[in-house]
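A.B. asks: need coordinates for the following:
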Amino acid sequence: MEQPNKDYINHSLVNQIAESSMKIAERDAMITEQHQKIKELEKELEELRQEQMKEMDKEAKSNAKK
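C.D. replies: Okay, here's the model as predicted:
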């Protein structure tokens with residue numbers, strides 16, 4: 001039985017590691033992007049809540065005067 005070429009095996013493993021590293025980096029970039037978008041949406045939601053609460057307070061004050 002022939003011994004496989006060690007250089008070929010090493011080269012193949014290096015390529016597999018590089019490909020896996022690239023996939024992990026791409027996944028991490030997507031996670032970071034999604035996390036930033038979530039933070040932006042949370043901020044927007046909080047601003048809308050505050051705005052809605054102000055409007056409701058105005059209505060309540062207006063109704064109390066009647």
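
A.B. asks: quick one: secondary structure of P4?
C.D. replies: Secondary structure of P4, reduced to three states by DSSP: H, G, I helix; E, B strand; the rest coil: coil.

A.B. asks: tally of neighbours for it?
C.D. replies: A count of neighbours around P4, defined by other CB atoms under 10 Å, yields 9. No exception for glycine: its C-beta is placed from N, CA and C like everyone else's.

A.B. asks: please report how far it lies from S20.
C.D. replies: In this structure, P4 and S20 are separated by 21 Å, where distance is defined by CB to CB, to the nearest Å.

A.B. asks: same thing with D57?
C.D. replies: 55 Å.

A.B. asks: check what pLDDT the residue nearest the centre of the chain gets.
C.D. replies: Here the mean C-alpha position of the chain is nearest to the C-alpha of Q34 (CA atoms, centre = their mean), at a distance of 2.1 Å. Reading off the per-residue confidence, Q34 sits at a pLDDT of 98.

A.B. asks: what about the helices in the chain?
C.D. replies: Counting by DSSP state H, one finds helices in the chain at the ranges 6-65.
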